[in-house]
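K.L.:
The following comprises the amino acid sequence and a computationally predicted model.
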Amino acid sequence: MEGVMRSDAKICGESGTESSPRGLGCSLRHFACEQNLLSRPDGSASFLQGVAEKSREWLIRNTCEAVVLGTLHPRTSITVVLQVISDAGSLLACCLNAACMALVDAGVPMRALFCGVTCALDSDGTLMLDPTAKQEKEARAVLTFALDSVERKLLMSTTKGLYSDAELQQCLAAAQAASQHVFRFYRESLQRRYSKS
Amino acid sequence: MAEAAAVVAESLAGGRARAARTVLDQVVLPGEELLLPEQEDADGPGGAGERPLRLNAGARARVRVVCGPGLRRCGDRLLVTKCGRLRHKEPGGGSGGGVYWVDSQQKRYVPVKGDHVIGIVTAKSGDIFKVDVGGSEPASLSYLAFEGATKRNRPNVQVGDLIYGQFVVANKDMEPEMVCIDSCGRANGMGVIGQDGLLFKVTLGLIRKLLAPDCEILQEVGKLYPLEIVFGMNGRIWVKAKTIQQTLILANILEACEHMTADQRKQIFSRLAES
Amino acid sequence: MKETPLSNCERRFLLRAIEEKKRLDGRQTYDYRNIKISFGTDYGCCVVELGKTRVLGQVSCELVSPKLNRATEGILFFNLELSQMAAPAFEPGRQSDLLVKLNRLLERCLRNSKCIDTESLCVVAGEKVWQIRVDLHLLNHDGNIIDAASIAAVVALCHFRRPDVSVQGDEVTLYTPEERDPVPLSIHHMPICVSFAFFQQGTYLLVDPNEREERVMDGLLVLAMNKHREICTIQSSGGIMLLKEQVLRCSKIAGVKVAEITELIQKALENDQKVRKEGGKFGFAESIANQRITAFKMEKAPIDTSDVEEKAEEIIAEAEPPSEVVSKPVLWTPGTAQIGEGIENSWGDLEDSEKEDEDEGGSDEAIILDSITMDTGVEVSNIGSQDAPIVLSDSEEEEMIILEPDKNPKKIRTKTISAKQEKAPSKKPVKKRKKKRPAN
């Protein structure tokens, strides 16, 4: 059976151009998103965060499967193509955000939106949100979470490095706080997009 | 953008349902829950929604609510599954209930029973034509499903021809099936579309916008040149005017209507009428 | 996935329009679509838009040992990929004819025309040279891939900077961008492809065909040229006969187009250079047109994380401590032990480790029936089979072993029944399993 529902996403991670030191590292870099930029796919979105393998594919796939109402389209495959344009840290989170926007743009029925947030813990245990590639490299642990928009619950998590259970909970709480901003960003971009309809 | 500020804080406060009435014609996002006016009175917005669905409870008259595209029933509320503007249509007779749906700018078509669409014949196999309608799989069309067609008198349909037809079978589990006759066996405008003219694709939302009863675009377009036009709910438009040039102009105008406000359209049409 | 077919009516209309010198997007015969070049924050990363056709170009470099016969030359490597993102008909990982054709043409246009000074890429003769890799990804396909790809490749190469190196004796030192400014490649000239589509056996010609025009064309002539009007490569495909005058006319047109495009590229490069120097904002985020309603940006947002520690403590305090139940290991047979209660043995899970299948019901059913069939080749069939030797039955259908989990989940008897005998109880799961197999 041929499936046709394609939503593609371009991801760009671009390193933050601002050189000012970020207070405690607890901020999200600037976001930009363009929807429906490609003519051929059903939906497309490019997502830039800050200025942005197989296992990663699985993580994204599982996250998408958790929110996409696949039962409404049996015998149909939904293909999400992600093209990384540049990696400036928090790549997986950026991929997740791009995938979500592309799915929304394609009009794939979903039970909730989702977003990805990456946290990094440096050697003295300082928590950083949305780390740059350099910060990720120097970090003691890097944790990425996917959260849903309805209950702010965890859809997926992947971690690298050592951390205590208290730190995990801290990162999760910080990610939840950050997710509010991402979801607000989603809402505002979509509202802008439908402003003329 | 004004609407944004007002509703953002509330909706992001975490899964709290908003009253459908208050967000009509506003942008809704997947995952949002909407309260129907009937429950709103009982529970109040944001109130505990733990009571069972009371569509026909007590003294209240039975209300029929239809979930259109982009909405699903979730317990006693409506769950939004697509992004777009929430629309509502009052039922003919009584008050309350009616149809709710989300108007989205989707490109991919999903067959719906009763929809009129433009398909492209991709294959002939036995008694059946395979027709590409832009859905996830081709639709089937029997050669008997044309006006006046019999086993002997087969319709003249070639691979690559355009078909304007209607879905009689369209559900998620079966191959969609279309016909080119109405329930009385009449063509009623359906059948093979002529060999000339231009076919082009637009979003599904634009088709709905163009076909809306209060849409002025069609009348305006009609004033420019005499034309023949066919709209398929699957986002395809076939248009034919006297000359190639006119046909091209019409196709470009219709495509451009997607992202124009009513005022912008007015300007364009008045400018075109002058030239 | 299949491409949407082209209807007869579109084909007729397109050809008639071409006869009348009209194009769907209002262009004239020799017009290019709008070209837009944008750069990423990294050097050597660019996106080229040719109308709706979009190509991403990325250049990377690496120190490698040179080819034996060219000890003092760096290596150039080009690769164009057509992903499913660009058009539904492109299959991932497949070398389609089109892809091979495009890649060869790119190599001829860029490598064989010696547009890059490969000798300047040599670090230590015979030992270390730079390998420059140009990756091109088609993001959206609306016709004329080759022109867009060749522009993207040239732009990315011109934009690219490689790390500076120094050689002292045998020691090669690589400098980070902070230590020494990276160096641009030395580029001799910029070859650019210009495509001409021919219709009605060469009677009509169009420059820069879009996707629908490509579908009805009879032949294609691709001319690669630099701004000095030197032809770098030329390829005619589709099997149309072109007259000498036609080719000459095309080369004249190409000369004009290449001059225009080269100027555009240089302007874009200068502009990016200027912005970088002045410390302005650059990168793809800046190239998103802000006035579009489909685009939206949000500035850097601080997140209040002051309360996360308290929250975390709260959660940990509320959480139940993990149960520390450690039961004694039970030794079943030499080599097989059990700790704790374990879970219900479900052999089906071993096979279903790939959760591809939606019809989980199939495997559940199999468990209830207490018999799961497996191909003889599967390793697991040996694990529990201590008592009975495996006997291969000579059934017509397929050789199989039925593993029947006993009441004790640890001990599993292996029984072989020919497919015919066991028809009644386990026919169903057998069928299911067979169907699934190819999916794995």
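P.N.:
All right, it came through fine. Predicted model only: the values in this text are computed from it and were never measured.
K.L.:
what's the span of stretch A:190-197 from first residue to last?
P.N.:
In stretch A:190-197, first residue to last residue: 12 Å (CA to CA, to the nearest Å).
K.L.:
Now that stretch: buried residues?
P.N.:
By 16 or more other CB atoms under 10 Å in any protein chain shown, the buried positions in stretch A:190-197 come out as A:190-194, A:197. For glycine as for every other residue, the C-beta is placed from the backbone atoms N, C-alpha and C.
K.L.:
again, but for stretch C:93-104
P.N.:
In stretch C:93-104, counting by 16+ other CB under 10 Å, buried: C:99, C:102-103.
K.L.:
got a list of contacts for it?
P.N.:
Identification of contacts with stretch C:93-104 by CB atoms under 8 Å, 6 or more residues apart in numbering or on different chains yields C:78-82, C:90, C:145-146, C:149, C:237.
K.L.:
what about that stretch, distance to the chain center?
P.N.:
Remark: stretch C:93-104 is offset 13 Å from the chain centroid, using CA atoms, centre = their mean, to the nearest Å.
K.L.:
Could I get the full set of strands for the stretch 201-350 of chain C?
P.N.:
C:204-207, C:219-225, C:231-237, C:295-298, C:301-302, C:330-333, C:336-338 (DSSP state E, counting those that start in this stretch).
K.L.:
Listing request: residues of the stretch 251-400 of chain C with sub-threshold pLDDT.
P.N.:
Residue ranges of the stretch 251-400 of chain C with pLDDT under 70: C:321-327, C:340-400.
K.L.:
Could you do the stretch 1-150 of chain C as well?
P.N.:
In the stretch 1-150 of chain C the weaker segments, taking pLDDT under 70 as the threshold, are C:1.
K.L.:
Next, the distance between the ends of stretch B:174-188.
P.N.:
26 Å.
K.L.:
low-scoring stretches of the chain, by residue?
P.N.:
All of this is about chain A. Looking at chain A by pLDDT under 70, you get A:1-26, A:50-53.
K.L.:
To clarify, I was referring to chain B.
P.N.:
B:1-16, B:38-62, B:93-96.
K.L.:
Mind telling me which residue of it is nearest chain C?
P.N.:
B:Gly160 (3.9 Å; CB to the nearest CB).
K.L.:
where does that residue land in three-state SS?
P.N.:
Of the three states, B:Gly160 takes coil under DSSP: H, G, I helix; E, B strand; the rest coil.
K.L.:
same thing with the one 4 residues further on?
P.N.:
Secondary structure for B:Tyr164, judged by three-state DSSP, is strand.
K.L.:
okay but C:Val222 is in contact with C:Cys193, surely?
P.N.:
Yes - C:Val222 lies in contact with C:Cys193 (CB atoms under 8 Å); the separation is 5.4 Å.
K.L.:
one step back: ok, now which ones touch the residue of chain B closest to chain C?
P.N.:
Contacts of B:Gly160 by CB under 8 Å, 6+ apart are B:120-121, C:5-8, C:11.
K.L.:
now these: which count as buried?
P.N.:
In the contacts of B:Gly160, burial by neighbour count holds for B:120-121, C:5-8, counting by 16+ other CB under 10 Å.
K.L.:
Just give the number of residues close to C:Ser83.
P.N.:
Applying other CB atoms under 10 Å in any protein chain shown, we find 19 other residues in the vicinity of C:Ser83.
K.L.:
Report whether the expected contact of it with C:Leu56 is present.
P.N.:
No - between C:Ser83 and C:Leu56 there is no contact under CB under 8 Å: 9.9 Å.
K.L.:
shared neighbours of the two, anything?
P.N.:
With CB under 8 Å, 6+ apart as the test, C:Ser83 and C:Leu56 both reach A:83, C:137, C:139.
K.L.:
Most neighbours among these, which one?
P.N.:
Counting neighbours by other CB under 10 Å, the top entry in the shared contacts of C:Ser83 and C:Leu56 is C:Leu139, with 26 neighbours.
K.L.:
How about it: what's its closest non-neighbour residue?
P.N.:
Ranked by CB to CB, 6 or more residues apart in numbering or on different chains and with sequence neighbours excluded, the top spatial neighbour of C:Leu139 is C:Arg54, at 4.2 Å.
K.L.:
For the residue of the stretch 101-250 of chain C at minimum distance from chain A, which residues are in contact?
P.N.:
Going by CB to the nearest CB, chain A is nearest to C:Asn140 of the stretch 101-250 of chain C, at 4.0 Å. Counting by CB under 8 Å, 6+ apart, C:Asn140 makes contact with A:38-41, A:44, C:52-54, C:85-86.
K.L.:
Out of these, name the ones that lie in strands.
P.N.:
Judged by DSSP state E, these include A:44, C:53-54 as members of strands.
K.L.:
Return the closest of those with respect to C:Val207.
P.N.:
Using CB to CB, C:Thr53 comes nearest to C:Val207 of the ones in strands among the contacts of C:Asn140, at 14.0 Å.
K.L.:
any idea which helix is longest in the chain?
P.N.:
As the question left the chain open, I've gone with chain A. If you go by DSSP state H, chain A has its longest helix at helix A:165-193.
K.L.:
my question was about chain C
P.N.:
helix C:244-278.
K.L.:
Who are the contact partners of the closest residue to chain A within the stretch 101-250 of chain B?
P.N.:
Nearest residue of the stretch 101-250 of chain B to chain A: B:Gln106, at 3.2 Å (CB to the nearest CB). Neighbour list for B:Gln106: A:42-43, A:106-107, B:82, B:203-205 [criterion: CB under 8 Å, 6+ apart].
K.L.:
Check C:Met241 too.
P.N.:
C:201-202.
K.L.:
Roughly how far does it sit from C:Leu15?
P.N.:
19 Å (CB to CB, to the nearest Å).
K.L.:
before we move on, what about A:Asp105?
P.N.:
When A:Asp105 is compared with C:Leu15 (using CB to CB), they lie 34 Å apart.
K.L.:
And these two? Which one has more around it.
P.N.:
A:Asp105 (30 against 16).
K.L.:
pretty sure the more buried one belongs to a helix, no?
P.N.:
Yes - A:Asp105 forms part of a helix when assessed by three-state DSSP.
K.L.:
Who are the contact partners of it?
P.N.:
Neighbours of A:Asp105 in contact, by CB under 8 Å, 6+ apart: A:7, A:35-36, A:42-45.
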